[in-house]
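Novice: model the structure of this input:
(chains A, B and C)
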Amino acid sequence: MIPLGHYLIVSAILFALGTAGVFMRRNLITILLSIEIMLNAVNLSFVAFGRAQGTVDGQIITFFVMTVAAAEAAVGLAIIITLYRHRESLNPDAFTTLKW
Amino acid sequence: MFNSAFDAIVPLLCVTLAALASMSAEAFRGKGERMPIGGLGIVGLAGAAVSCVLLWNRNTSSFGVIVADNFGLFVTMTLIIVGLLTIMFSSQVLDLHDLPRGEYYTLVLFAIAGMIMMATANDLLVLFIALEIMSLAVYVLTGIRRDDQRSSEAAFKYFLLGAFSSAFFLYGIAFTYGVTGSTRLDRVGTFLAAQSMADNPLLLVALGLLLVGFAFKISAVPFHMWTPDAYEGAPAIVTGFMSTGVKAAAFAAFARVFLSAFEPFSADWAPVVWVIAAATMILGTVVGVAQSNLKRMLAYSSIAHGGYLLVGLVAANQVGKAAILFYLLAYAVTNLAAFGVIAMLGARDRANDELRDYAGLWQSHPALAALMTVCLLSLGGIPPTVGFIGKWYIFSAAVGSGYYGLAIIGVLTSVISVFFYLRVVVMMYMAERDGAPALPRVGAVGMTALAIAIFAIFYLGILPTAVLDLAAASISTIF
Amino acid sequence: MDGWLGVLIMIGLGIGFAGVMVGLSLLLGPKNPTPEKLAPYECGMAAVGDARERHSVKFYLVAMIFLLFDIEVAFLYPWALALRDLGWPGFVQIVTFFLILLVGYVYVWRKGVLDWGPVSSRVRSQRPKAA
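Specialist: Here you go, the predicted structure:
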């Protein structure tokens, strides 16, 4: 069996990749995807912890997180579409009406 | 109904049912037909308020994950007041900008449901879901003026950083779950009480991640970057709603997690929160002085007020915990009233939220100018308003726990903040209106709500004992 | 570790076979491109315009609604697995959950998001006024 630590390391790497993506990507959709990667990295942690403890709690939690992530994506994409209609751009640097 | 497993979620159910009802009403509304959907919301919130009163002191719990202890109920009452005032202020604003009424009230009610759930959650996973219910509704509310580019932009910035921070929060929950084997706060607390930090470094990670998640939500420095933009771009009434409701709910959850479950580790987190509190107070005040937009100025003021609340959290003595609750109520009423004034002075084509738009308000709207003055003085903490009492208790709690440094920073920043609140007051009374378009009239419902808020500000400022006793009774049950 | 050797050989064979086949056809096959052969679908309708054109926002709305309702169904699986243990309380809870979803569905439906014809949605919303 693969030890818990390995799962956690993969999860941490994914989470770090997602975080880096949020800061470095220059496309709103990709930034949204990076946040989804972060949430899924956490899901991996939950499943790994749940398995290590021999309960299914971790997997059940994952269902809730997935649902929340879907709702978040729906709202996020809707906001991106309204933004796109104003600016015809998906580059976050273009949105400077408010001081960043 | 009583003495069943569902008791503790009755306030939550009332608000949720009102939200579902207003959503259905909107769905079956004919084109151009007017429906009293805001009234539905008021009925639901009133039902929640009644159930709160009935549940008081009974310390019920539903399924172990939602607890209606006095702490949660006190915050729930605060949130219900926020909701009622918001709905009363909104009517005029919705007509003015031709916003979708049904959707607006539905989102406000769902947001309040999420906030109530957050204030009463006894399980980290439920807390996360509540946080998302609240946040998703508020993101949409922020961007509800789709024709306004600033509104959309504010919504996106708020959404992006909000989603980002909730990922951190969730990661913190994952580690807590991994170490303690449960997401239930009482079980986490029991487990941690028998541990020390040296036993498990993962706990430190969990603590840090949860702290980051909460700090984003309460816009504490250095995670405050989204606040001024989101507050400035959102419609003023939504800004009022989110600066009070979201903050109250997030603080309630913050206090519950850190003062009950993670209390055994207070020696580890208190110094960090000390630094955050000091930085938040200083930055919020100093940058606030330089603002020329009233909404942006109040955004920085809201950051500073978050800092004062953190002082109560660091002090963590009996006075401090009660002071947090009292301050949340005081701040909610005052700040919402101030944003209510801004919202109702907004015109169709211009927001009228620049400082110079308020020049000569005394001549054109004497009543509004007087009400705004009271709100600003209360935010500045000048007696006999409620803001003074709130700050007094927060700082005396800090002194009581030996945090003299924080108390001194708090008093100094309060004094500086009075400067920028008074700047607006001076503008309203002394300056002449120079050719800018006239400000609109304010409707009866909005004025009633303002009058209620002002009455509360003075009542709690002069006779705070009854409510303070309630706050003190609230914290005795859990901490 | 020995148990995995077969898998490793299998993966190697698979990749090798695919590589050899593609390589052989590149090397030996006749190359005689015509515009028809380079079209995305060689047999069938001729492609009209670029695929990267704007789509109606309706596609987006339906995709989002599909995503949300699809994800909610995920809660049915754990419930179905634990059906006997949860009993009637569990049944009531899942029904409540789907009733709440139903309100959302009714909202989406009444708002005309599910009407695909360009005309029908407008006709429906105007009819009550005329009657």
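Novice: number of nearby residues for A:Val22?
Specialist: 20 (other CB atoms under 10 Å in any protein chain shown). C-beta here means a position set from N, CA and C on the backbone, and glycine is covered the same way.
Novice: now name the helix or strand holding it.
Specialist: helix A:4-24 (DSSP states H and E).
Novice: C:Ile15 too?
Specialist: Secondary structure (DSSP H and E) places C:Ile15 in helix C:5-28.
Novice: dump the following helix or strand past that helix to CSV, restricted to CA.
Specialist: Per DSSP H and E, helix C:5-28 leads on to helix C:35-38 as the next helix or strand towards the C-terminus. Only the C-alpha atoms of helix C:35-38 are listed here, as CSV (Å, rounded to 0.1, in the frame of the first residue of the first chain):
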residue,chain,number,x,y,z
PRO,C,35,-8.2,19.9,-49.9
GLU,C,36,-10.9,17.3,-49.5
LYS,C,37,-8.6,14.9,-47.7
LEU,C,38,-7.4,17.7,-45.3
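Novice: quick one, longest helix in the chain?
Specialist: Assuming you mean chain A. helix A:57-87 (DSSP state H).
Novice: wait, chain C
Specialist: helix C:83-110.
Novice: what about that one and chain A, any contact?
Specialist: No. Contact between helix C:83-110 and chain A is absent, the nearest approach being 10.8 Å (criterion: CB under 8 Å from any CB of the partner chain).
Novice: again with stretch B:342-362
Specialist: No. Applying CB under 8 Å from any CB, one finds stretch B:342-362 separated from chain A by no less than 12.5 Å.
Novice: give me the contacts around that stretch.
Specialist: When contacts are defined by CB atoms under 8 Å, 6 or more residues apart in numbering or on different chains, stretch B:342-362 is touched by residues B:89, B:92-93, B:96-97, B:232, B:235-237, B:240, B:291-295, B:297-298, B:365, B:368-369, B:372, B:423-424, B:427-429, B:431-434, B:436-437, B:439-440, B:442-443, B:446.
Novice: filter these by proximity to chain A?
Specialist: Among the contacts of stretch B:342-362, chain A is touched by B:Glu232 when using CB under 8 Å from any CB.
Novice: which of the contacts of stretch B:342-362 are buried, as a ChimeraX select command?
Specialist: The following ChimeraX line selects those of those that are buried, judged by 16 or more other CB atoms under 10 Å in any protein chain shown:
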select /B:89,92,93,96,232,235,236,237,240,291,293,294,295,297,298,365,368,369,372,423,424,427,428,429,433,439,442,443,446
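Novice: show me the contacts of stretch B:342-362 that map onto helices.
Specialist: Reading helices off the contacts of stretch B:342-362 with DSSP H, I get B:89, B:92-93, B:96-97, B:232, B:236-237, B:240, B:294-295, B:297-298, B:368-369, B:372, B:423-424, B:427-429, B:446.
Novice: so which elements touch the helix holding A:Val22?
Specialist: helix A:28-53, helix B:149-180 (3 or more CB pairs under 8 Å, 6 or more residues apart in numbering or on different chains; DSSP states H and E).
Novice: mean neighbour count and mean pLDDT added to these, as TSV?
Specialist: Shown next, in TSV, are the helices and strands packed on helix A:4-24 (neighbours: other CB atoms under 10 Å in any protein chain shown; pLDDT from 0 to 100):
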stretch	mean neighbour count	mean pLDDT
helix A:28-53	21	93
helix B:149-180	25	92
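Novice: quick check: residues of chain C near chain A?
Specialist: Looking at chain A, the residues of chain C close enough under CB under 8 Å from any CB are C:Val57, C:Tyr60, C:Met64, C:Leu67, C:Leu68, C:Ile71, C:Glu72, C:Ala74, C:Phe75, C:Pro78.
Novice: what is the neighbour count of the closest residue to chain C within chain A?
Specialist: Nearest to chain C, among the residues of chain A, is A:Ala70, at 4.1 Å (CB to the nearest CB). By the criterion of other CB under 10 Å, A:Ala70 has 19 neighbours.
Novice: same question for C:Ile11.
Specialist: 10.
Novice: how about B:Phe326?
Specialist: 27.
Novice: then the one 10 residues further on?
Specialist: Under the neighbour criterion other CB under 10 Å, B:Leu336 is assigned a count of 28.
Novice: any idea which element it lies in?
Specialist: Counting by DSSP H and E, B:Leu336 is part of helix B:318-345.
Novice: pull the contacting residues for whichever residue of chain B sits closest to chain C.
Specialist: Closest to chain C within chain B is B:Ala27: 3.9 Å, counting by CB to the nearest CB. Counting by CB under 8 Å, 6+ apart, B:Ala27 makes contact with B:Gly102, C:Val106, C:Tyr107, C:Trp109, C:Arg110, C:Lys111.
Novice: give me the buried subset of those residues.
Specialist: B:Gly102, C:Tyr107, C:Arg110, C:Lys111.
Novice: how about those in JSON lines, adding pLDDT?
Specialist: As requested, the buried ones among the contacts of B:Ala27 are exported to JSON lines (pLDDT from 0 to 100):
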{"residue": "B:Gly102", "pLDDT": "88"}
{"residue": "C:Tyr107", "pLDDT": "92"}
{"residue": "C:Arg110", "pLDDT": "89"}
{"residue": "C:Lys111", "pLDDT": "86"}
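Novice: show me the shaky parts of chain C.
Specialist: By pLDDT under 70, the low-scoring segments of chain C are C:1-2, C:40-53, C:117-131.
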